[in-house]
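[1] sequence and predicted structure are below.
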Amino acid sequence: MKLPVNNTRGSVVREIDVRDDVFARRQNDAVVHQVMVGQLANRRQGTAKVKTRSEVSGGGVKPRPQKGTGRARAGTIRAPQWKGGGTVFGPAPRSYRQRTPKRMKRLALVITLSAKARDGKLIVFEDLNLANAKTKNLMNALNAVGAGPSILLVADGASSDVIRASNNIPRLKAIPSQSLNATDILDFQSVVMTEAAVRNAEVIWGGRFQRKPSPVPEAVAEGEEN
């Protein structure tokens, strides 16, 4: 697959060959949906908490006699039906975390990146080394290529001044290529990458999935040698 490369003035200077297994993967909505649900669930804090009738202060004395008043039986003023009473079936601290396989997260990432490339929403810059790295100049470069109002900027190789200037642009998020994820790619209308970021993404996310071997404890290794 080929992607056009732009300069900061918005002109296409050349085309580059990119890996099909990163930028031309077939769409798989089921995988993308499952990964997104897992990532959004892992962002939840799960700290919501209400007090039950055993945790609300007060209510240690029976409010009225059991019989003779003609009113309903009541053992405590902190029962759920009373004002100021405890809450029934309210939220309690819990973990919403879901375990998503690394292979699936990697697949969802390249699928969403490929979808942006197919739709013309993946824009590649030759570099972003602006002569005067100010927010206005960076915004002019993004407008020149039609990046749109919502941008995910992957500016590997750019100077720290360019990254700092990007912080002043609303609805723009700057991340390195190793931090790419499916949720961020779908959250923004367009993905803007430098050529260096494209090559880094190919190295990180391309090729066959290789699981790193777990380290062997030293005690076990010594026992095997003996």
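    Yes, it's here.

[2] look up phi and psi at Val5.
    phi -110, psi 130 (degrees, to the nearest 10).

[3] that should have said Glu55, apologies.
    According to degrees, to the nearest 10, Glu55 has phi -110, psi -20.

[4] if I pick it, what's in contact with it?
    Going by C-beta atoms under 8 Å, 6 or more residues apart in numbering, Glu55 touches Gly86. From N, CA and C alone the C-beta is placed, and that goes for glycine too.

[5] ok, and what's touching stretch 89-96?
    By C-beta under 8 Å, 6+ apart, stretch 89-96 touches 41-42, 44, 46-52.

[6] helices of this protein, start to end?
    20-23, 29-42, 102-118, 135-144, 160-166, 182-187, 195-205, 218-225 (DSSP state H).

[7] so for Val13, which of those sits nearest?
    Each of these has some distance to Val13 by C-beta to C-beta; the shortest is helix 195-205, at 10.3 Å.

[8] packing partners of that closest one?
    With contacts defined as 3 or more C-beta pairs under 8 Å, 6 or more residues apart in numbering; DSSP states H and E, helix 195-205 has these neighbours: helix 20-23, helix 102-118, strand 122-125.

[9] looking at these, which is buried most?
    For the helices and strands packed on helix 195-205, the largest average neighbour count (mean count of other C-beta atoms under 10 Å) is found in strand 122-125, namely a mean of 24.

[10] what about Val192, how many residues nearby?
    26 (other C-beta atoms under 10 Å).

[11] how does this structure divide into domains?
    Using automatic domain parsing, the domains assigned to the chain come out as 2-43+99-205, 50-90.

[12] tell me the most buried of the ones you listed?
    With neighbours defined as mean count of other C-beta under 10 Å, the domains of the chain peak in mean count at domain 2-43+99-205, which reaches a mean of 17.

[13] residue with max distance from the center of this structure?
    Gly68 (62.7 Å; C-alpha atoms, centre = their mean).

[14] ok, Phe188 - contacts?
    Taking C-beta under 8 Å, 6+ apart, we find Phe188 in contact with 150-152, 171, 173.

[15] how close does it get to Gln27?
    From Phe188 across to Gln27, the span is 18 Å (C-beta to C-beta, to the nearest Å).

[16] still on that earlier bit, let's have the contacts of Phe188 in TSV, adding distance to Met104 and pLDDT.
    Converted to TSV, these look like this (distance: C-beta to C-beta, whole Å; pLDDT from 0 to 100):
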residue	distance to Met104	pLDDT
Ser150	26	94
Ile151	27	95
Leu152	21	96
Arg171	28	94
Lys173	23	94
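
[17] which of those sit farthest apart?
    Leu152 and Arg171, at 10.0 Å, using C-beta to C-beta across the contacts of Phe188.

[18] my guess is Asn42 meets Lys105, correct?
    No: counting by C-beta atoms under 8 Å, Asn42 stays clear of Lys105, with 11.0 Å between them.

[19] apart from its chain neighbours, what residue comes closest to the one residue sitting closest to the centre of the chain?
    Central residue of the chain (C-alpha atoms, centre = their mean): Thr183, 4.7 Å from the mean position. Nearest non-adjacent residue to Thr183, counting by C-beta to C-beta, 6 or more residues apart in numbering: Gln39, 4.7 Å away.
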